[in-house]
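**Q** Here is a sequence with its predicted model. Questions after.
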Protein chains: 2
Amino acid sequence: MEARLKEDRVRAEKASIPELYEKGYYGRPKGNELELRCVEAAFLLYREKLKIELEGKALNFRAFFEQASLREKNFELKYIVYKDLRERGYYVQPSSTDFRVYPRGGHPGKTAAKSFVYVHSERAPLPVQELLEAVDAAENVHKQLILAIVDEESDITFYEAKTLEPKGEMEQYYPKIRAEGTFLEDRVIVWEKNSSKKLYEYGFYGKALDSERLQLSLVESLYLLEKGVLGLKDRKGKSLKPETFLKKASLIEEAFFRKFKVYRALRDSGHVAKTGFKFGTHFRVYRKVKSPEKIPHSEYLVSAIPGAFEFRLPVMSGAVRLANSVRKRMLFAIEESEELRFLDIGRVKL
Amino acid sequence: MEARLKEDRVRAEKASIPELYEKGYYGRPKGNELELRCVEAAFLLYREKLKIELEGKALNFRAFFEQASLREKNFELKYIVYKDLRERGYYVQPSSTDFRVYPRGGHPGKTAAKSFVYVHSERAPLPVQELLEAVDAAENVHKQLILAIVDEESDITFYEAKTLEPKGEMEQYYPKIRAEGTFLEDRVIVWEKNSSKKLYEYGFYGKALDSERLQLSLVESLYLLEKGVLGLKDRKGKSLKPETFLKKASLIEEAFFRKFKVYRALRDSGHVAKTGFKFGTHFRVYRKVKSPEKIPHSEYLVSAIPGAFEFRLPVMSGAVRLANSVRKRMLFAIEESEELRFLDIGRVKL
């Protein structure tokens, strides 16, 4: 079939429509011709199903590839992903979110598309708002959003990103007691044995300093302080209100309030949240802990991020990989003015 | 035994020397008394081996703990680590790097100390220069440097940090050919089949775009360009020198030159380095790749960091955890003016 490159589109002769469009779902008819995107045309050129000329001169694969790379931003990235999907038997159509992909065995006209595929380079930071928009656009029409990340060596890793409202199963979020603690340099100690025991047992708060005393983290302390379960004094014996404690904790830990809001949301929705330090995240989250003697598997790792956050993709990739290696889901809790949104990002094999 | 708190030291009566110092290796004799650090005194108070008073008034554990926290920076952190080590049967002495720890079964006077333990909070950033100094100080006297990181819930994770000069086993670092490539938007393509094959087979460079063409990453391209193995043109056919390519690549990738220097050092010392994207690091490193058909297990994950880098410890923890979960060592390549130093950080159980 004959075709011509014009700006960033390729126009193929009318005779190509039955085979390329009607059978192969390449391009879309426009007037008397078939209009192809550069990735489609490059793939057909590689498969020797198309001849492409520019200003009367035939372009070989290399010449077309160089031209397309000059004319379309991210052409190479998109071609790598398009080719990969096509060669694995998927019908793929260019769309507003890069590609629309049909389920295995399905094709345009027969089935609805299953996924929107969003192509991104490993190197470019990905603003979380851009990702959220793509997820919302997909979820609004009941599609799955797939993030195809092309690394510097042109390997593709596919991630599914979806929104989530996590729900825990704790019936009681904290023991109904009144404990007393001291705010030391950067943690809190509850000195009294019975309070220590109850906090630890009903809700898995803190960690034993020894058989009598319990250490609480800053987020745990503020949560219990707000709920009236904990009374707090500083080392000189002065009582601390939640607002004062929040200010002091914010000096110790950057972005403490954001982290606390995520902690509170997780606890208030019936989860048990503990530090995710060993996993490089803010929290590891259990849907239920009946007793600290029988700690179940934790379900999620959660990182609290600001609304203006930009993912550095190697970091995101490492976080998801680590979560998966310990059979947990990686969630990002996004702070958006007054509310929080949770984004679940997991690796998928297409 | 009776003791008094004065400034940030505790002085115990002479009678304590035989039991506490000579048997237990607590404190050190000073004049007619035994001088204890606050962590030692708190531990002895908890064990009920000591009574401590301040200005004539006896201090209970809580009162002493609050006082010590006011008088010594990081007292709580150090106490948590000191208590943990002592309770697991190690002899521990305060030293310039927080603690000197004796090997199991050993004690002062009988054996040399095995490790220097450096205590750090999860929350405080750790400048890599500070860590390097501690590692150098330990290695100069043939000790192991242990980093004890206390997380917000007072759990301790121990890491060993040591310097390393990685040596690979590749005999030939690149094929002796002259390949030609085009620098596209953000990667390079070698169009010719034979060159593509040789680059891929002798050194595991690049990734096949298809059966004829090879894609090279930016670091691979610059390395081969510098070695005269690759000739490079831009999309308009203009030849690119290494300096020009370096400039262009640095616009695409932040800190490209640092990353390249680490890549070059790894290749030039006989390794095969490929992207570590899936692991959230710059490189995964093989000591030898005989053929891309038989890729062995990669030994290291490597992150290139500047000399002024500050570790955020949850991030470091996640990186080490991920490396260990795939049976690799986590190395940090530190750029120090003209030279590179490699730091190997791994989790250890004491």
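**A** Looks like it arrived, so ask away.
**Q** now A:T97: how far from A:K143?
**A** Here the criterion is CB to CB, to the nearest Å. By it, A:T97 lies 9 Å from A:K143. The C-beta positions use only the backbone N, C-alpha and C, and glycine is treated the same way.
**Q** which neighbours do these two share?
**A** Here A:T97 and A:K143 have A:F116 as joint contacts, going by CB atoms under 8 Å, 6 or more residues apart in numbering or on different chains.
**Q** would you say A:S221 is within a helix?
**A** Yes: according to DSSP: H, G, I helix; E, B strand; the rest coil, A:S221 belongs to a helix.
**Q** ok, it touching A:F183?
**A** Yes: with contact defined as CB atoms under 8 Å, A:S221 counts as touching A:F183 (7.2 Å).
**Q** residues shared between the contacts of those two?
**A** Residues touching both A:S221 and A:F183 (CB under 8 Å, 6+ apart) are A:L232, A:F245.
**Q** neighbour count winner among the two?
**A** More crowded of A:S221 and A:F183, by other CB atoms under 10 Å in any protein chain shown: A:S221, with 26 against 23.
**Q** Could you find the closest non-adjacent residue to that one?
**A** Distance criterion CB to CB, 6 or more residues apart in numbering or on different chains; nearest residue to A:S221, sequence neighbours excluded, is A:V188 at 4.3 Å.
**Q** and the one you found, what is it in contact with?
**A** Residues in contact with A:V188, defined by CB under 8 Å, 6+ apart, are A:G181, A:T182, A:Q215, A:L216, A:S217, A:L218, A:E220, A:S221, A:L230, A:L232.
**Q** Among these, which lie within helices?
**A** Among the contacts of A:V188, the ones falling in helices (DSSP state H) are A:L218, A:E220, A:S221.
**Q** how deep is the second one tucked in, by neighbour count?
**A** Burial of A:E220, expressed as a neighbour count using other CB under 10 Å, amounts to 29.
**Q** swap in A:R258?
**A** Using other CB under 10 Å, A:R258 is surrounded by 19 other residues.
**Q** Then A:K6?
**A** Neighbours around A:K6, by other CB under 10 Å: 12.
**Q** Can you name the residues bridging to it?
**A** Beta-bridge pairing of A:K6 under DSSP bridges involves A:R9.
**Q** Model confidence for it, exactly?
**A** For A:K6, the pLDDT comes out at 96.
**Q** Check A:A304 too.
**A** 98.
**Q** Also A:E254?
**A** Listed pLDDT for A:E254 reads 83.
**Q** How about A:P292?
**A** You'll see A:P292 listed with a pLDDT of 89.
**Q** and the gap between the spatially closest residue to it that is not a sequence neighbour and chain B?
**A** Leaving aside its chain neighbours, A:P292 sits nearest to A:F204 (5.1 Å; criterion: CB to CB, 6+ apart). A:F204 is 10 Å from chain B, where distance means CB to the nearest CB, to the nearest Å.
**Q** cool, and A:D234?
**A** 9 Å.
**Q** do A:P296 as well
**A** According to CB to the nearest CB, A:P296 and chain B sit 18 Å apart.
**Q** Could you tell me the phi and psi values at that residue?
**A** phi -80, psi -180 (degrees, to the nearest 10).
**Q** again with A:V117
**A** Main-chain dihedrals, A:V117, degrees, to the nearest 10: phi -110, psi 130.
**Q** Verify the stated contact: it with A:P94.
**A** No: when contacts are counted by CB under 8 Å, A:V117 is not listed as touching A:P94 (10.2 Å).
**Q** Those two - which one has more neighbours?
**A** Between A:V117 and A:P94, counting by other CB under 10 Å, A:V117 is the more crowded of the two (27 against 18).
**Q** Beta-bridge partners for that one, please?
**A** On the basis of DSSP bridges, A:V117 is bridged to A:F99, A:I146.
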